[in-house]
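kindly generate the corresponding structure for this input.
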Amino acid sequence: MNATLESLTTGAQVGAVLPLLTAVVQRPAWSAKAKKVVAVVAALVAGVVAVAADGGWDQFKHGHLTAATILGVLAASQTSYDLVWKPSKLAPWVEALTTRKTPHQAE
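Residues are numbered from 1 along each chain as shown. Here you go, the predicted structure:
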């Protein structure tokens, strides 16, 4: 398989599940802008980790492959959230489930 296609495939696989992991950190009360910033930063970090895991730290010498993986993670995470995780209510459910309730909210 072509190296660029492999990089995009790795990015898509990581990005497809990333919204569920991001939902653990995000909170329902956060603004849409704050949630988007967290999602984009998480995608960039996950992309760097995916590059390192897929090809080791030497992989960063190949700029176009690194960029393809990171952009693949970003695109797949945003797309899978909008098309799968948000409409299924699974990501919002995870956000609500992992949000600690204060004593005032529990009443």
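
leaving out sequence neighbours, find the closest residue to the residue nearest the centre of the chain.
Nearest to the geometric centre of the chain sits residue 18, at 3.3 Å (Cα atoms, centre = their mean). The shortest distance from residue 18 to any residue that is not its chain neighbour, by Cβ to Cβ, 6 or more residues apart in numbering, is 4.2 Å, and that residue is residue 77. Quick note: C-beta positions are derived from backbone N, CA and C, even for glycine.

what's the burial count for that neighbour?
28 (other Cβ atoms under 10 Å).

residue 8 against residue 70, yeah?
No: here residue 8 lies out of contact with residue 70, judged by Cβ atoms under 8 Å, at a distance of 10.6 Å.

who has more neighbours, those two?
More crowded of residue 8 and residue 70, by other Cβ under 10 Å: residue 70, with 23 against 19.

which one is that one nearest to, not counting chain neighbours?
Residue 70 sits nearest to residue 47 (Cβ to Cβ, 6+ apart), 3.2 Å away.
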